[in-house]
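Asks: here's a sequence, model it:
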Amino acid sequence: MKYKFVIGALIALSAIHFGSYANCEDFKYYRSLAEYYDDNGQFDKAISAYTMAIERNPTRGDVYYDRGNVHYKKGDYKKAIEDFTKAIEIEPMIAPVVLLVRGYTYLVRLKDKKGCSDLMKACDLGACGGYFKAKKERLCE
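Replies: Numbers count the residues shown, from 1 in each chain. Now for the predicted structure:
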């Protein structure tokens, strides 16, 4: 009786382990595919592949950031901002860079002063170049 329990537990654990491994490999595959499509200007395919990678590992803020950059390249600035925002929520360590890009997107592409707030936050985190440039160009006060 004890052996059946142990064997069942081992089977369950191996299924969990290999399922996790498969998701990891799928994530890497879709991320690489997205980068390939992005590098070759196939932005819709890149967005789809990034979305597949996110579905396999939704805890990676850098992938939301990358997908946001592709939306930006397509001129879909609102979707870019959504992805940049999600990237900051998930992975605060990348916030200084993402805040700079999101701030620029708000300020220059959407003509929205929310960008100044992002640039100031980025400066508070040590990335002040964007904020100083925006002040010099009188985009922010």
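Asks: what mean pLDDT does stretch 51-70 get?
Replies: Mean pLDDT, stretch 51-70: 97.
Asks: now the terminal residues of it, how far apart.
Replies: 12 Å (Cα to Cα, to the nearest Å).
Asks: what is the burial count for residue 116?
Replies: By the criterion of other Cβ atoms under 10 Å, residue 116 has 19 neighbours. Where C-beta positions appear, they are placed from N, C-alpha and C, glycine not excepted.
Asks: where does this protein dip in pLDDT?
Replies: Filtered on pLDDT under 70, the chain yields the residue ranges 1-23.
Asks: now the spatially most central residue of it. Its backbone dihedrals?
Replies: In the chain, the centroid-proximal residue (Cα atoms, centre = their mean) is residue 64; its distance is 1.8 Å. Here is the backbone geometry of residue 64 (degrees, to the nearest 10): phi -60, psi -40.
Asks: gap between it and residue 140?
Replies: 25 Å (Cβ to Cβ, to the nearest Å).
Asks: ok, which stretches of this structure are strands?
Replies: Under the criterion DSSP state E, the chain carries no strands.
Asks: show me where it has its helices.
Replies: Taking DSSP state H, the helices of the chain run over residues 2-39, 43-56, 61-74, 77-90, 95-104, 114-124, 129-136.
Asks: tilt between the fourth one and helix 95-104?
Replies: Spelled out, that is helix 77-90. With axes from the mean of the first three to the mean of the last three Cα atoms, to 10 degrees as the basis, helix 77-90 and helix 95-104 are set at 160 degrees to each other.
Asks: got the buried residues for helix 77-90?
Replies: In terms of neighbour count (16 or more other Cβ atoms under 10 Å), helix 77-90 has its buried residues at 77, 79, 80, 81, 82, 83, 84, 86, 87, 88, 90.
Asks: might one say that the fifth one is in contact with residue 67?
Replies: Same thing as residue 82. No - using Cβ atoms under 8 Å, residue 82 is not in contact with residue 67; the gap is 9.6 Å.
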